[in-house]
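In: missing the sequence, but the structure's below:
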Ligand SMILES: Nc1ncnc2c1ncn2[C@@H]1O[C@H](COP(=O)(O)OP(=O)(O)O)[C@@H](O)[C@H]1O
Ligand SMILES: N[C@@H](CC(=O)OP(=O)(O)O)C(=O)O
């Protein structure tokens, strides 16, 4: 990649184009029938006035990213042959779709892409085994193939009936830092590159098809944006192009008042404010990546959540304001994999100094702090659980007596609460006591009220809170 950040390109907003970014998640491209549905949705969108032009962002087939990460592990623990054998059934899923939905040149071209991917993955796995220092960048290089293959396959399927489209390597658009596995986009360069690469295609009426989740450093090394990051790719591209809309196509017809897999009586939220959607995503609603909203909020670009299995089933729109009345409760969500670290002071206690020390130690161990509270009784940090926690616990003993509680979940009630402390519901303290959950103060945002509880209790607590706060509010 040859970045040219100073390049100036006229924006789509000034050219009369109305780009609509359409992101299809792994569940929307999991098999042949799913690819057929997606192709039909894109073709239908292309026909929409006024000059609406699809820009397609696609994820790896469901399960492929996990399989690629497993392959890296297998290669390091066993050997490269075992890792490639492990991937064969997944490559077969891609080639089966190609066999059924493409022919002629498009089929031949995709088979070539698949063959080259297999070769390249094998080489990268081997280099990682021999030179462990290369693992972080090469892991991203390998994992990115799920999205590369989906983009090539979807373009092949679309071109089958003469739809003008082209696979675009997302690494030529999204520029990031070099934090492999969780890379952060460099906005100015991303905007310039995206416009430079995509706008000429749009002007010719060609649909660009890009893999989500992937970027590249200024030096051209492949990076990934973190699990679930294709949503984020879609809004980065949407913001760069000043799109009319970003559509997130998935397996549910919108954002609901709870995860429909967990709660039977969910309600769709037809409109959500940017902040409400972000808090829902941040505290566990898998339907959106937590950073999805960042790029589009400033530009007031609407984001809709739609069902690729049932496009007519309705959708949710995320925009500047949801219109929810003050105090309204919209949704309940939870996220597992959290630990609470409590440091009780010893000797003379200066909270600000201890807070600083604690934050530095956790940061040095690469532990992400979710929430931090200080009181006379000490400091409590709610953090991402993980292997680094034990070593951090030892280092934290310089700050005071340390107690770590694992297997916790964060439970979040999302609504329009403002900055005042609001009484959520008369029954809330009963429910909190029943599930031994503690409110986390200060409130993280005007849209979220957070509680910490045992992971095992969280699903039932969500169901009960949903029933009391949303289905049958007093
Ligand atoms: N509040 C919510 N509203 C809608 N879906 C939710 C919510 N919370 C969790 N989900 C889950 O998110 C899933 C969609 O996300 P995901 O599986 O990552 O889709 P994709 O493969 O399209 O990226 C849904 O099937 C649903 O179970
Ligand atoms: N394939 C990547 C990126 C992604 O966003 O996927 P999905 O859209 O299926 O959540 C992952 O599994 O993390």
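Out: Here it is on my side, so go on. If you're wondering where the values come from, they're calculated on a predicted model, not measured in any experiment. Ligands and ions are numbered 1, 2, ... in the order given.

In: So residue 101 versus residue 166, what's the distance?
Out: Residue 101 sits 18 Å away from residue 166, taking C-beta to C-beta, to the nearest Å as the criterion. Any C-beta I mention is one placed from the backbone N, CA and C, and that applies to glycine too.

In: Quick check: residue 20 is in a strand.
Out: Yes - per DSSP: H, G, I helix; E, B strand; the rest coil, residue 20 lies within a strand segment.

In: That one contacts residue 243, correct?
Out: Yes - assessed by C-beta atoms under 8 Å, residue 20 is found in contact with residue 243 at 6.2 Å.

In: list residues touching both of the two?
Out: residue 55 (C-beta atoms under 8 Å, 6 or more residues apart in numbering).

In: picking that back up, please say which of residue 101 and residue 166 ends up with more neighbours.
Out: Shown here are residue 101 and residue 166; by other C-beta atoms under 10 Å, residue 101 has more neighbours (21 against 16).

In: What number of neighbouring residues does residue 161 come out with?
Out: By the criterion of other C-beta under 10 Å, residue 161 has 8 neighbours.

In: Phi, psi for it please.
Out: phi -110, psi 20 (degrees, to the nearest 10).

In: residue contacts, it?
Out: Going by C-beta under 8 Å, 6+ apart, residue 161 touches residue 43.

In: Have a look at residue 20 and residue 243 and say which one is more surrounded.
Out: Legend: neighbour count by other C-beta under 10 Å for residue 20 and residue 243, higher for residue 243 (28 against 22).

In: Please tell me how far the closest residue to residue 361 other than its chain neighbours sits from ligand 1.
Out: Nearest residue to residue 361, sequence neighbours excluded (C-beta to C-beta, 6 or more residues apart in numbering): residue 395, at 4.8 Å. Distance of residue 395 to ligand 1, given as C-beta to the nearest ligand atom, to the nearest Å: 35 Å.

In: ok, now how distant is the closest residue to ligand 2 within the stretch 301-450 of the chain from residue 316?
Out: Ranked by C-beta to the nearest ligand atom, the top residue of the stretch 301-450 of the chain for proximity to ligand 2 is residue 308, at 11.4 Å. To residue 316, residue 308 is 15 Å away according to C-beta to C-beta.

In: cool, and residue 71?
Out: Distance, residue 71 to residue 316, by C-beta to C-beta: 35 Å.

In: More neighbours: those two, which one.
Out: residue 71 (25 against 22).

In: Can the helix or strand where the more buried one lies be said to contact ligand 1?
Out: Here residue 71, judged by DSSP states H and E, is contained in helix 64-77. No - if you take C-beta under 6 Å from any ligand atom as the test, helix 64-77 misses ligand 1, and the best it gets is 10.2 Å.

In: interface residues of this structure facing ligand 1?
Out: Residues of the chain lying close to ligand 1 (C-beta under 6 Å from any ligand atom) are 25-28, 59, 62, 228, 250-252, 255-256, 258-261, 280, 285-287, 331, 333.

In: Narrow those residues to those that are buried.
Out: Using 16 or more other C-beta atoms under 10 Å as the burial test, the residues of the chain next to ligand 1 include 25-28, 59, 62, 228, 250-252, 255-256, 258-260, 280, 285, 287, 331, 333 as buried.

In: Next, count neighbours for the closest residue to ligand 2 within the stretch 101-250 of the chain.
Out: Ligand 2 sits closest to residue 230 of the stretch 101-250 of the chain, with a gap of 3.3 Å, by C-beta to the nearest ligand atom. Neighbours of residue 230 under the rule other C-beta under 10 Å: 29.

In: now it: how far from residue 72?
Out: For residue 230, the distance to residue 72 - C-beta to C-beta - is 20 Å.

In: Just list the residues touching the residue nearest to residue 236 when sequence neighbours are not counted, thanks.
Out: Of all residues not flanking residue 236 in the chain, residue 295 sits nearest, at 5.0 Å (C-beta to C-beta, 6+ apart). Applying C-beta under 8 Å, 6+ apart to residue 295 gives the contacts 187, 232, 235-236, 238-239.

In: Can you tell me which of the residues you listed end up in strands?
Out: Residues of the contacts of residue 295 located in strands (DSSP state E): none.

In: Just the buried ones from those residues?
Out: Neighbour-count burial (16+ other C-beta under 10 Å) applied to the contacts of residue 295 gives 232, 235-236, 238-239.

In: Might one say that residue 325 is in contact with residue 415?
Out: No - between residue 325 and residue 415 there is no contact under C-beta under 8 Å: 9.7 Å.

In: what about the two, which has more around it?
Out: Using other C-beta under 10 Å as the criterion, residue 325 and residue 415 rank with residue 415 on top: 25 against 8.

In: What pLDDT is listed against the more buried one?
Out: With respect to pLDDT, residue 415 has a value of 92.

In: Next one: it from residue 424, what distance?
Out: Distance of residue 415 to residue 424, computed by C-beta to C-beta: 8 Å.

In: Return the residues of the chain in contact with ligand 2.
Out: Checking the chain against ligand 2 by C-beta under 6 Å from any ligand atom, the hits are 25-26, 59-60, 65, 146, 212-213, 227-230.

In: same thing but at 8 Å, please
Out: 23-27, 59-60, 62, 64-66, 143, 146-147, 212-213, 224-233, 250, 286, 289 (C-beta under 8 Å from any ligand atom).

In: Give the helix, strand or coil label for the residue of the stretch 251-400 of the chain found nearest ligand 2.
Out: Taking C-beta to the nearest ligand atom, ligand 2 has its nearest neighbour within the stretch 251-400 of the chain at residue 289, 6.4 Å off. Residue 289 carries the three-state label coil when classified by three-state DSSP.

In: doesn't residue 236 make contact with it?
Out: No - Residue 289 lies out of contact with residue 236 (C-beta under 8 Å); the separation is 10.9 Å.

In: do you know how far residue 77 is from residue 118?
Out: Note on residue 77: its distance to residue 118, by C-beta to C-beta, is 20 Å.

In: Which helix or strand lies directly C-terminal to whichever strand or helix holds residue 122?
Out: Using DSSP H and E, residue 122 falls within helix 104-130. Sequence order places helix 135-143 as the next helix or strand after helix 104-130, per DSSP H and E.

In: Next, give phi and psi for residue 379.
Out: Per-residue torsions, residue 379: phi -110, psi 140 (degrees, to the nearest 10).
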